[in-house]
Structure formats: structure tokens, C-alpha cells
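Participant: Turn this into a structure:
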Amino acid sequence: MLDFIFGRLKPSDFVQEPITAIAGYSMVGALILAIIGLTYFKKWRWLWRTWITTLDPKKIGIMYILVAIVMLLRGLADAVLLRAQQALDNAAGTLLTSNQFQQIFSAHGSIMIFFVAMGIIFGVFNLIIPLQIGARDVAFPFLNSVSFWLFVAGMILINAPLVVGQFSAAGWLAYPPLSELQYSPNSGVDYWIWSLQIAGIGSLLSGINFFVTILKMRAPGMTLMKMPIFVWSALASTGLIMFAFPILTATLGMLSLDRLMGMHFFTTTGGGNPMMYINLIWAWGHPEVYILVLPALGIFSEVVSTFSRKKIFGYTSMVIALLAIAILSFSVWVHHFFTMGTGADVNAFFGIMTMIIAIPTGVKVFNWIFTMYRGRVRFTTPMLWFMGFIVTFTLGGLAGVLMAVPAADFQLNNSLFLVAHFHTMIVGGVLFGAFAGFTYWFPKFTGFTLNERLGRYAFWNWIVGFLLAFVPLYILGFMGATRRLDSYDPSLGWQGLFIVAGIGVAIICVGVFFQLLQIGYSIKKRHENRVGNDPWNGRSLEWSIASPPPEYNYAVIPTVTQRDEFWEQKKKKHGSLIKPAYQDIWLPKNSGLGPIIGGFALLFGIAVIWYMWWLLVIGLIGVIVTVIIRLTSDDTERKLSAAAVAKYELKRGII
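Facilitator: Down below sits the predicted model:
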């Protein structure tokens, strides 16, 4: 009977090693304190009505970013432990056991890609895309809520091993046979599969939502070639999501069937082929890199244009470059396994394609440089993040071109050179882009600016720390140091470089401290740093409305006649872009069904991980029934009268 109720869950699964236990019970303690605080201050009703059930994309975007920030801190803590183990001593088990090291390594990669980078881009999409295309909402508001709560369910599952069970030690992409049941019999790989599977389905739904939003909900007159570059980057990114994430869903599904039902898709002894898994995971994995990078490139285009006080140079070539990168991203996945016996002809083709994809990226860099040329450049904090990106991304791009040569890759594959290259592209590209966008658009959504001095302190600590943390890894990679290395022979002479890398991570932590201090200090001083409608003199439509934007975004949907519509209207001094001819506005009603679907999906994930089949049935039926209830509901909209809109606009001083 107990086996039926609890599946394979045993009391021993709650016994954790000291470092894991400290992290896990600290997380549980923080959650308990939050529950006590909400109860004491009687905020549950406010939280439910204002945030949990909201369908407002701006609020959903803020929640995405808050979750991503928490996961960034978790991922950073993992990185500190990994580098500390390598830097403090070269003996196995000095700080972490080998098993702990592999678990933390695997969790770090998965969290940073799926729950930091993906969370940030969907947060920015929710906040910015409707405003930039002149829309009041996204195409499918309820689907937007479901996507977020599936993301949250995946986030909970990937952190659950801090309390119960273990995380996967099979790497962040879980190559078989290591991820098969024979070599990973505990719950770790199952946690990995279902946290990514559930969050990945949410990402796919969100990608479809924003792709349709961009194509179908643009303001009158905004043709495709009048869209801001950021919207183009989002269109390319969401197109990649729609093609790439079904591959991930199918791949994880087959790996799960291997483990649950002995299907042997990827087990050699059962007639399967592990190389099929590696092909499939990278057929998703390399487009995933560009799913993350393309929106960051769009953010940098907005920042460079604004702070150079010029139109973006070569708009058409920028659009073509974005689309070229998106298309070519599906033609390079084999460069991830040049050393696995694919043959000279195949290696040559994918090596050439990898070099070719660097061309449209280079086009964008030169376009940004020419945008700055003879412009009135202001080196504000967002612009500093762009300059840091240029340095790090160029360094990482050159390393990538080197690794595109199959002969060189035979030496560098699976080394710390590869780790340094990947981090240079993702941190220097995606994360620096996120920081630039956060600083740039923060006053738009809060009504006050971030402290510039603290922002500069954060930037300089990040850029110095980043170079100290990863340049030594390039050198170590040339010297033969492989990744996933928790101990090494002291006679190799690597200790000094690992210490430098550890110091770099410590300096990055100082940068993160200044970022958190910047946010806290700016909130405290918010009344002294209030902004008008246009603190940065931005060019796109989002700067044409009040800060923070009203619930309905636009009282009157604008008509667009040219690129950089808001900038051109200001130059002509025609006054407000939006004329107050108010009409009734229909907005989606809040819905608690999105978080309920996320909750049932979480139960389903827990059930399949621990073999609780009765709970699996409850979770599956719960999702299906909740979806049916939503589909059969007629009362999903509410009216905001023209008089209410006019009253709100008058109160805000907009009219």
C-alpha cells in the first residue's frame, strides 16, 4: 500500500549532504517566512487578484523577470561552489564530493539556460512587444498566463532536489548512456527531464503567442519594415522556438520512455542509438543559443540608436542579418560533435556553415559601430553594457570560428576552452543584453530611474570579473584541462589559473551586490528620481505613453506612418502622438485557471518522477478538465468605459 501511495519515494530521499541541506532548508525557510508575512499582513487576496491571476502581459513580464533574478542568484551560487572547489585545492572532496560537483555542474547549466535566460527573454517580450507594436495586449492572454505558470512549475521541480532526492549528474544535456536507467537509477535525470519538459512546453506556447502577436496585432500602418529592430529580433526568436522546441519535447519524451518503460530508443544494448539523441538534442540546442541571443541583439540595437541619437544604421541589412542567423542556426548543430566519427565530408560542411553564420553577426556589429559614428554618444549604464558586450562577444565569436575548424576542434572539444567560449557568448551576449535592457526600460515601467553611479560600479565589476573568470579557462583549455573537472594532478601547474578564475567569480559577485544595491537604493530614492514620459529620448512607440504604462497601454491605438514614429513626431513638434478620442476598451478578465493548470502540471511532474501513478492520473485529468472549463467559458472579458479611461488619463496628467 505504501508503495502505491509513495511510489519509489523513501525517507532516505530526504537526507541530503550538508551543502545541499543548507541550501534546501534555507529555501524552505524563506518560503515559510513569505507565507507567514503574507498571512500576517493579510495580502493573500491582493496577491491572488493583482498578480497570480493576472492576464496583463506587463505583470506577467515582471513575474518572469523576478523568477529569473532568483534563479540567477541560484545559478551564481552554483558557479561559486564549482570554482571554489577547483581553486581552493586540487584534491577531490576538498569542498565538494565528485558526485556533488557533477550534480551542481549539471544544475548550473540547466538553470542558467532554461530558467534565467529564457525567463528574461519572455519577461522582456511581455513588457516590450505590445508597447512597441502599438497593441493593448498579446494575441492569447490566457495562453500567456499558462505559459508562465508552466515555467514556474518547471522551476519548482528543478529546485526540488535541494530538499528531496538528487539532481542529475549526467551533465546539462544528459547524454546517454549516462542518463539511462542503468547508470543513473535515482531520481536525478527524471527531475531534469520533467522540469525541462514542462517549462519547455510553456516556452513553446509562449513562442507561438508572441509570433502571432507580432504578425497580427501591429498598429495600423506598421508594416513589417516599419517594426522596431527589437520586434524583428523577437519575431526571429519566436520562429526558432516554434521549430526547435518540438524537437526537445520529442527527445525528452523518448529518453523518459527509455527510463520508464525500457523502450531503448538510445540504449545500444537494446538496439537503440545514443548518437540519435545527440543529434536531436543539438538540433534543438544550437537554435536555442540564437533563441536567446537574437533578442539581446535587438535590445542592443534599441540602446545604441537611442544613446547615439541616430537612426539605426542599415535597418534593412539588420533585418536580413537577423533572418539569416535564424535560418542558418539549423544548419550548424553537428559542430558540437565533430569528434564522434561523422566523417570528413560531414565535418567539412558543418564547419563551413559555422563560419558562414558568423557573417550576419559581423554585419550587425559593424552596423552598431556605424550607428555610433558621428552620433552624439552618451555613455550611460545601458551603453556601457553594450560596450562590454562588444568586447566579450567578439572574443567569444573569434573562439567559435576557431572551433568551427574540425581539426582544431579535435584538440579543443570537451575542454575548458569550450566552456569559456560558451560563457563568453551567453553571458557576454544574453546576460549583458538583459542588463542593458533592464536599465534602459526600468524607468518606463516604474516611473523612476536607477542610480547611475551604482550601475557603473556593477558594470565594471562584472566586466573585470568576467574576463578574469573566463580568459584563464581559454588558456587551461589549450593546456588540456577538460570540463567537469573537480580534481587534477598538481604537477600540471594549473592551480594558479584556477585561482585567478575563482577571483574573477568573486568579483562578479561584487558586481551582483552592486546591482541589488542599485535596485534597493533607487526604490528608496524613487520620489527624487521621477521621470517624465521620455527619460531616455527613445525612438520607439513605448516611450510615447506614460511611465509606468496604464493597464490598457494605449487609450487610442496609434497610427504609424514611418519608422521611428515617436521620434519623428517629436522632431516635428506635433505634440502627443496619441490624440484623446476615447472609446470603450475591452480587456481580458483575470483568470485563476492558468496557475491551476501549472499546479496540476507540477503534480504530474512529481508523480512521474517518483512513480506515484495515482497522482499522475490526478494531474493529467486536472489539466484536461481545467482546459475544458476555460474553453467553455464565455465571460472572459471586461469593459473599461471611455469615461473611466478619460478620468484615468486626466488623473495621470496625460491630458
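
Participant: Please enumerate the strands of the chain.
Facilitator: 585-588, 637-640 (DSSP state E).

Participant: tell me the mean pLDDT over the last one?
Facilitator: Right, strand 637-640. The average of the pLDDT scores along strand 637-640 is 88.

Participant: That strand: which residues count as buried?
Facilitator: For strand 637-640, a neighbour-count test (16 or more other CB atoms under 10 Å) marks Leu640 as buried. (Each C-beta comes from the backbone N, C-alpha and C, glycine too.)

Participant: And the contacts of it?
Facilitator: Glu551, Tyr552, Asp584, Ile585, Trp586, Leu587, Pro588, Lys589 (CB atoms under 8 Å, 6 or more residues apart in numbering).

Participant: Which strands border it, and is each parallel or antiparallel?
Facilitator: strand 585-588 (antiparallel) (DSSP bridges).

Participant: circling back: dump the contacts of strand 637-640 to a markdown table, plus pLDDT.
Facilitator: What follows is those, written out as a markdown table (pLDDT from 0 to 100):
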| residue | pLDDT |
| --- | --- |
| Glu551 | 91 |
| Tyr552 | 92 |
| Asp584 | 90 |
| Ile585 | 92 |
| Trp586 | 91 |
| Leu587 | 92 |
| Pro588 | 93 |
| Lys589 | 93 |
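
Participant: What is the nearest of the residues you listed to Phe313?
Facilitator: Tyr552 (34.9 Å; CB to CB).

Participant: Could you list the low-pLDDT ranges of the stretch 401-550 of the chain?
Facilitator: 532-535 (pLDDT under 70).

Participant: All the helices of it, residue numbers only.
Facilitator: 406-412, 416-425, 432-446, 452-478, 495-524 (DSSP state H, counting those that start in this stretch).

Participant: quick one, which of these is nearest to Ile113?
Facilitator: helix 416-425 (10.0 Å).

Participant: Name the residues that touch the closest one?
Facilitator: In contact with helix 416-425 (CB under 8 Å, 6+ apart) are residues 289, 293, 392-393, 395-397, 399-400, 403, 412, 470-471, 473-474, 476-478, 481-483, 485.

Participant: now swap in stretch 278-292 and tell me
Facilitator: 113, 117-118, 121, 173, 175, 236-237, 240-241, 243-245, 247-248, 250-251, 325-326, 329-330, 332-337, 340, 425-426, 429-430.

Participant: And the pLDDT for Ile69?
Facilitator: 96.

Participant: coming back round to it: which of the contacts of stretch 278-292 count as buried?
Facilitator: 113, 117-118, 121, 173, 175, 236-237, 240-241, 244-245, 247-248, 251, 325-326, 329-330, 332-337, 425-426, 429-430.

Participant: In helices, which of the residues you listed fall?
Facilitator: Applying DSSP state H to these, the entries found in helices are 118, 121, 236-237, 240-241, 244-245, 247-248, 251, 325-326, 425.

Participant: Now the helices of the stretch 401-550 of the chain in TSV, please, with extra columns for distance to Leu215.
Facilitator: Output for the helices of the stretch 401-550 of the chain, formatted as TSV (distance: least, CB to CB, whole Å):
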stretch	distance to Leu215
helix 406-412	39
helix 416-425	29
helix 432-446	23
helix 452-478	36
helix 495-524	35
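
Participant: Out of the contacts of strand 637-640, which end up buried?
Facilitator: For these, buried by 16+ other CB under 10 Å: Tyr552, Ile585, Leu587, Pro588.

Participant: List the buried residues of stretch 184-191.
Facilitator: Ser184, Asn186, Ser187, Gly188, Val189, Asp190, Tyr191.

Participant: From Asn159, how far out is the first one?
Facilitator: Noted for Ser184: a distance of 19 Å to Asn159, by CB to CB, to the nearest Å.

Participant: swap in the second one?
Facilitator: Computed as CB to CB, the Asn186 to Asn159 distance reads 17 Å.

Participant: ok, back up a step: show me which of the buried ones among the contacts of strand 637-640 is closest to Leu492.
Facilitator: Within these, proximity to Leu492 (CB to CB) peaks at Pro588, which comes in at 60.7 Å.
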